[in-house]
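Novice: Curious how this folds, go ahead:
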Amino acid sequence: MSGGTVQEVGAQEFDQIVSTSTVPVVADFWAPWCGPCRMVGPVLEKLAAEHADKVTVVKVNVDVNQELAARFGIMSIPTVIMFAEGTLKTQLVGARGQKDYEKEFGLA
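Specialist: Below you'll find the predicted structure:
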């Protein structure tokens, strides 16, 4: 996976990326029909581009990957989770701005 881009992934790709990444992984749990999710998408794309050497960003469509969303207790979207060394570190629910994500994920 190339740095600086956001890739939509399924459960198998997600597990592989989270378990093998040498940098933290930020996962955007979203759905195409979700208005706030569509607002978060460009924010995370910019975050991925500006912090390509520090973080990997992936998107998980909860409609397609219901089991994966259930595994992490996703009840509301958008939910953005940061994983480090394969472990869930931070989980944020609701749309936020780039500065908030950078602060919460230690990228500021």
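
Novice: what separates Q66 from A11, distance-wise?
Specialist: Going from Q66 to A11 by C-beta to C-beta, to the nearest Å gives 10 Å. Placement of C-beta: from N, CA and C, glycine included.

Novice: Stretch 27-36: which residues count as buried?
Specialist: If you call a residue buried by 16 or more other C-beta atoms under 10 Å, then stretch 27-36 has these buried ones: A27, D28, F29, W30, C34.

Novice: hey, which helix or strand in this protein has the poorest pLDDT?
Specialist: Of all helical and strand segments in the chain, the minimum by mean pLDDT, DSSP states H and E falls on strand 6-8, at a mean of 92.

Novice: for this structure, what spans make up the helices?
Specialist: Using DSSP state H, the helices found in the chain span residues 11-20, 35-50, 66-71, 98-104.

Novice: Need those in CSV (columns: mean pLDDT).
Specialist: Shown next, in CSV, are the helices of the chain (pLDDT from 0 to 100):
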stretch, mean pLDDT
helix 11-20, 95
helix 35-50, 95
helix 66-71, 96
helix 98-104, 96
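
Novice: Reformat the ones you listed as a markdown table; add distance to F83.
Specialist: Compiled in a markdown table, the helices of the chain are given as follows (distance: least, C-beta to C-beta, whole Å):
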| stretch | distance to F83 |
| --- | --- |
| helix 11-20 | 5 |
| helix 35-50 | 14 |
| helix 66-71 | 12 |
| helix 98-104 | 13 |
